[in-house]
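Participant: build the 3D model from these lines:
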Amino acid sequence: MRRTALISVTGLLCCLLFATGAQAKKLNSADFPLRVHLFTHNDHSHYRSGMLDYAEGEGRANLYENGDPKAFDYSYRCGDRLMNSIGYETYMARWKKQDRSLEILLPVMGKPDSAETCEIKVDMKPGMAYYRHNGMVSEQPSEIRKQWMVKHQYDPEHGLNEPVPVKGPAPAEEQK
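Facilitator: Numbering: from 1, shown residues only. Just a heads-up that it's a prediction; the model follows:
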């Protein structure tokens, strides 16, 4: 009797393990070569039976692609809320439809090796980049932002995720 129960429980656990593994989406960070910095967003959460069903909203962000900063406005509808980037942190991303939608990786809180994806619809701002100055999000030509990135050795696509301070006072247009 005990042996039958043990075999049944073991079989049930194996079934649950394989079912969970089959449902889990294998995500490889190498498949997400781009980086996205979310500056602002607003959202509205939708609940069903007291649980978050989905969130939708819009905002402003920069895409880092081939070493160039590119401003875009976006809208989204995802299974989880988005969070603005803190400091210079970025989300991993890839094009879903070139210049129309990006898929970004959202880390799962409490699960260090887990991530969900969220598709965001983008409206690219050719030749422009966003930056934060005195708490406000402003625009500047991408070339000026690129010069700032080079000067401060900031390249999130290649693991340079924190700008290097430059000695002396920085002009206002060079601040984050």
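Participant: C-alpha from now on. contacts and neighbour counts both.
Facilitator: Noted.
Participant: need the contact partners of the host helix or strand of G57.
Facilitator: Using DSSP states H and E, G57 maps to strand 51-65. For strand 51-65, the surrounding residues in contact (Cα atoms under 8 Å, 6 or more residues apart in numbering) are 34-47, 69-81, 129-130, 156-157.
Participant: so which of these sit within strands?
Facilitator: 34-47, 69-78, 129-130 (DSSP state E).
Participant: what about the helices in the protein?
Facilitator: 2-23, 142-151 (DSSP state H).
Participant: the ones you listed: lowest mean pLDDT?
Facilitator: Lowest mean pLDDT of these: helix 2-23, a mean of 43.
Participant: quickly list what Y76 is bridged to.
Facilitator: Using DSSP bridges, the bridge partners assigned to Y76 are G57, I120.
Participant: low pLDDT regions in the protein?
Facilitator: Applying pLDDT under 70 to the chain picks out residues 1-26, 168-176.
Participant: any idea which residue is closest to the centre of it?
Facilitator: Y91 (2.8 Å; Cα atoms, centre = their mean).
Participant: now do the same contact list for the nearest residue to that residue once chain neighbours are set aside.
Facilitator: Spatially, and ignoring its direct neighbours in sequence, Y91 is nearest to V36 (5.1 Å; Cα to Cα, 6 or more residues apart in numbering). By Cα under 8 Å, 6+ apart, V36 lies in contact with 61-64, 90-93, 104.
Participant: ok, now with 6 Å
Facilitator: Residues in contact with V36 (Cα atoms under 6 Å, 6 or more residues apart in numbering) are 62-63, 90-91.
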